[in-house]
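Peer 1: attaching a predicted model along with its sequence, questions to come.
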Amino acid sequence: MDDLIRIENEYDRQTVLWLREHLGEQALNEVVIRMEGHGRPYASDVCRTLGLTPPPRKRASRARPLNRAVGEAYLATIRGILRAGRHAAA
């Protein structure tokens, strides 16, 4: 299948696997061969031709929790500036 559909990343690979599961190998090959164009189509082009929406991208799980301390400190500073600006305008 890699010689018929352009696969450039892991999401493309997952999309092609999903198409195989839903259409079957033979039907997917026939669709790709019938598609007009130059070179191998992208997996998204195959989906678009068939009117299908592939499953959403899987998000990579984060190995460690986010540290929000720096962001919270900046927000506190911004809130203080805004509070001071309101009092000065009043």
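Peer 2: Alright, I've got the coordinates. All values reported here derive from a predicted model rather than from experimental measurement. Numbering: from 1, shown residues only.

Peer 1: please identify the buried residues of the lowest-mean-pLDDT helix or strand in the chain?
Peer 2: Confidence across the helices and strands of the chain bottoms out at helix 69-89, with a mean of 90, counting by mean pLDDT, DSSP states H and E. Taking 16 or more other Cβ atoms under 10 Å as the neighbour-count basis, helix 69-89 is seen to contain no buried residue. (Each C-beta comes from the backbone N, C-alpha and C, glycine too.)

Peer 1: same question for stretch 14-27.
Peer 2: Of the residues in stretch 14-27, those scored as buried under the neighbour-count criterion (16+ other Cβ under 10 Å) are 14-16, 19, 23.

Peer 1: nearest to residue 38, of these?
Peer 2: Comparing the buried residues of stretch 14-27 against residue 38 with Cβ to Cβ places residue 16 closest, at 19.6 Å.

Peer 1: would you agree the closest one is in contact with residue 43?
Peer 2: Yes: Residue 16 lies in contact with residue 43 (Cβ atoms under 8 Å); the separation is 5.2 Å.

Peer 1: need the overlap of contacts for the two.
Peer 2: In the contact map built from Cβ atoms under 8 Å, 6 or more residues apart in numbering, the residues linked to both residue 16 and residue 43 are 5, 7.

Peer 1: CA-only coordinates of the least confident helix or strand of the chain in PDB, if you can.
Peer 2: Output of helix 69-89 as PDB, limited to C-alpha atoms (Å, rounded to 0.1, in the frame of the first residue of the first chain):
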ATOM      1  CA  ALA A  69       3.900  28.000  38.200                       C
ATOM      2  CA  VAL A  70       5.600  30.400  35.800                       C
ATOM      3  CA  GLY A  71       2.400  31.100  33.800                       C
ATOM      4  CA  GLU A  72       0.500  31.700  37.000                       C
ATOM      5  CA  ALA A  73       3.200  34.100  38.200                       C
ATOM      6  CA  TYR A  74       2.900  36.100  35.000                       C
ATOM      7  CA  LEU A  75      -0.900  36.200  35.200                       C
ATOM      8  CA  ALA A  76      -0.700  37.400  38.800                       C
ATOM      9  CA  THR A  77       1.600  40.200  37.700                       C
ATOM     10  CA  ILE A  78      -0.700  41.100  34.800                       C
ATOM     11  CA  ARG A  79      -3.700  41.200  37.200                       C
ATOM     12  CA  GLY A  80      -1.800  43.500  39.600                       C
ATOM     13  CA  ILE A  81      -1.000  45.900  36.700                       C
ATOM     14  CA  LEU A  82      -4.600  45.900  35.600                       C
ATOM     15  CA  ARG A  83      -5.900  46.500  39.100                       C
ATOM     16  CA  ALA A  84      -3.500  49.400  39.600                       C
ATOM     17  CA  GLY A  85      -4.600  50.900  36.300                       C
ATOM     18  CA  ARG A  86      -8.200  50.800  37.300                       C
ATOM     19  CA  HIS A  87      -7.600  52.500  40.500                       C
ATOM     20  CA  ALA A  88      -5.500  55.200  38.800                       C
ATOM     21  CA  ALA A  89      -8.200  55.900  36.200                       C
END
